[in-house]
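Visitor: predicted model and sequence below, questions to follow.
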Amino acid sequence: FDEIFNLNNIIFFRVSDNGFTGTVPWIDVVDSFPDVVQFWIAANRFEGSIGKQIGQLQSLESFFGYNNSLTGFIPSEIGNIDTLEFLDLENNLLEGT
């Protein structure tokens, strides 16, 4: 999975319904795909928190992270993304009100 971050200019990142495990390297996502429009990591086995760096993805329109084991809180920085239209994080282990 790490080799993917050697690619540049990716705007549609779709890796849903695979067997990926581990944590999402949010710093690498922002550094490698600053103009990503779709970030779909749903239905894998990702764990760990959603990095506050996600707020730097100012072109992001959809983030599908459902059916994983993501933990912690949804970072408030996600509210800084004016272009975000679709956010689906159901069936995780997230906290908050």
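Guide: Okay, I see it. Numbering: from 1, shown residues only.

Visitor: what about E95, neighbour count?
Guide: When neighbours are defined as other C-beta atoms under 10 Å, E95 has 10 of them. C-beta here means a position set from N, CA and C on the backbone, and glycine is covered the same way.

Visitor: hmm, it is touching P75, no?
Guide: No. With contact defined as C-beta atoms under 8 Å, E95 does not count as touching P75 (12.0 Å).

Visitor: low-scoring stretches of the protein, by residue?
Guide: Within the chain, the stretches with pLDDT under 70 are 1, 97.

Visitor: rerun that using 90 as the cut-off
Guide: 1-9, 96-97 (pLDDT under 90).

Visitor: quick one: the helices in it, in order.
Guide: Taking DSSP state H as the test, the helices found in the chain are 26-32.

Visitor: E85 - nearest residue in space that isn't next to it in sequence?
Guide: Distances taken as C-beta to C-beta, 6 or more residues apart in numbering place E61 nearest to E85, at 5.2 Å, with adjacent residues excluded.

Visitor: tell me how far the one you found lies from L94.
Guide: According to C-beta to C-beta, to the nearest Å, E61 and L94 sit 21 Å apart.

Visitor: same deal with F46?
Guide: For F46, the distance to L94 equals 12 Å [C-beta to C-beta].

Visitor: between those two, which contacts overlap?
Guide: Residues touching both F46 and L94 (C-beta atoms under 8 Å, 6 or more residues apart in numbering) are L70.
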